[in-house]
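K.L.:
Mind folding the following:
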Amino acid sequence: MLDAVPVQWRVVRTIRPKYSCRACEKIVQAPAPVKAIARGKATFGTLAHVVVSKFDHHLPLYRQAEIMAAQGVEIDRSTLAGWVGQASVLLDPIVSRIREVGLTASKIHTDDTPVPMLDPGRGKTATGRLWAYAVDDRGSGATTPSLVWYEFTTDRTGAHPQRQLANFTGYLQADGYAGYDKLYDTNRVTEVACWAHFRRKIFDIHATKPTSLTTDLLERIGQIYEIEAEVRGQQPEIRRRSRQDRTQPLIDELRQALDDALRRLSPKSEMAKAIAYGRKRWVALTRFLDDGRLEIDNNIAERAMRCVALGRKNWLFAGSKAGGDRAAAVYSVIESAKLNGLEPQAYIADVIAKIADEWPAARWDELMPWNWRPDQQPIAAAA
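P.N.:
The predicted structure follows:
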């Protein structure tokens with residue numbers, strides 16, 4: 001039988017007796033444990049609970065305050081906001097290291113989404129952006145770290161990804177946003193386009209005005225995806241051979257069908273525009289055929305954005321630029337933890353406690369989501 005046990009809160013009191021030595025007349029007392037917040041009430045576990053409830057379970061702080069009050073714990077929403085801020089500060093070394101490791105990868109997936117932001121000076125809500133940069137090579141059988149980091153910005157300009165990826169060399173899989181073009185112009189970064197994005201343009205037309213052309217094109221793209229499903233998780237060379245032998249002929253036939261259709265369509269029609277989008281990016285769309293490490297689409301980055309889309313429906317907006325930065329930091333840790341099969345609350349509670357207790361910088365990598373173990377020794381025992 002399945003039974004529900006109500007949430008319980010407890011007050012933790014630390015008792016530190018003092019002892020005196022009559023011989024040497026000295027008084028000794030055990031040092032106080034490290035606190036999550038100086039003179040604050042929250043433990044590290046409580047900080048982790050609040051940030052995971054907001055950014056993973058999508059519970060706004062005002063609703064958390066209401067739930068806690070119903071459970072007999074009166075905590076003001078502004079206090080909860082302060083706890084989120086403290087957690088993000090403690091997590092900063094983890095976030096920085098996630099980005100450092102990510103930039104050493106050979107392939108990064110990126111995407112961005114709008115996030116409303118309060119703009120008190122203008123008396124209305126502005127539109128910020130949250131950008132995701134994801135590394136996940138499990139589709140090609142790799143065992144390298146899977147991770148994602150986020151950045152919050154107050155606008156959408158190419159300067160932001162250009163700054164984030166200034167030291168990156170490799171493949172960038174993204175949508176057709178022109179802001180990435182300067183990265184491709186450097187010859188350090190090679191564009192890989194997204195078949196899901198191209199397919200979606202055709203599907204959107206098919207959903208409202210289905211024709212034999214849209215049906216045919218969607219079926220052709222579906223056949224390509226069926227082959228991809230068969231080789232997902234295989235080694236790069238196996239994927240490359242399969243794509244060369246089986247997918248390349250389908251791609252060639254699809255291109256011929258697109259060219260034939262474009263000659264019959266009005267250049268101003270929605271279908272012609274959708275086809276032109278794909279033809280313009282054809283080299284980048286077909287790049288995955290020659291390298292088994294590459295993916296057919298950018299769904300890795302789009303999946304990394306789902307948490308933001310769900311959260312945005314619940315907490316509605318970022319209160320400020322600083323609030324957006326905190327959200328980006330916490331999302332980076334939570335989503336990277338989940339990519340590595342970790343339970344985010346347990347992971348965050350443990351690592352922020354270790355960081356606050358002056359975990360040595362030389363051992364940061366032990367706390368990363370792809371290396372972390374809940375039974376790691378405390379500093380004193382490991383020294």
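
K.L.:
where does G128 land in three-state SS?
P.N.:
Put simply, G128 is strand when judged by DSSP: H, G, I helix; E, B strand; the rest coil.

K.L.:
List the residues that contact it.
P.N.:
P114, V115, P116, M117, F152, T153, T154, D155, A318, K321, G324 (Cβ atoms under 8 Å, 6 or more residues apart in numbering). (Glycine included, C-beta is placed from N, CA and C.)

K.L.:
Which two among the residues you listed are spaced furthest apart?
P.N.:
Greatest spacing in these, by Cβ to Cβ: P114 and K321 (14.8 Å).

K.L.:
higher neighbour count, these two?
P.N.:
Taking neighbours as other Cβ atoms under 10 Å, P114 and K321 compare with K321 leading, 16 against 12.

K.L.:
Name the nearest residue to that one, ignoring sequence neighbours.
P.N.:
T154 (6.0 Å; Cβ to Cβ, 6 or more residues apart in numbering).

K.L.:
and the one you found, how many neighbours does it have?
P.N.:
For T154, using other Cβ under 10 Å, the count is 17.

K.L.:
circling back to that earlier point, which entries within the contacts of G128 meet the buried criterion?
P.N.:
V115, M117, F152, T153, T154, A318, K321, G324 (16 or more other Cβ atoms under 10 Å).

K.L.:
Can you classify the second one as helix, strand or coil?
P.N.:
When classified by three-state DSSP, M117 comes out as strand.

K.L.:
bridging residues for it?
P.N.:
Following DSSP bridges, M117 is listed with bridge partners A126, A318.

K.L.:
So it sits against T154, correct?
P.N.:
Yes - judged on Cβ atoms under 8 Å, M117 makes contact with T154 at a distance of 6.8 Å.

K.L.:
how about low-confidence regions in the stretch 51-200 of the chain?
P.N.:
120-123 (pLDDT under 70).

K.L.:
90 instead?
P.N.:
115-128, 176, 186-187 (pLDDT under 90).

K.L.:
And N371, which helix or strand is it part of?
P.N.:
Applying DSSP states H and E as the criterion places N371 outside every helix and strand.

K.L.:
Now do the SS call for the spatially closest residue to it that is not a sequence neighbour.
P.N.:
Sequence neighbours aside, D365 is the residue nearest to N371 in space, at 5.8 Å (criterion: Cβ to Cβ, 6+ apart). Under the three-state scheme (three-state DSSP), D365 adopts helix.
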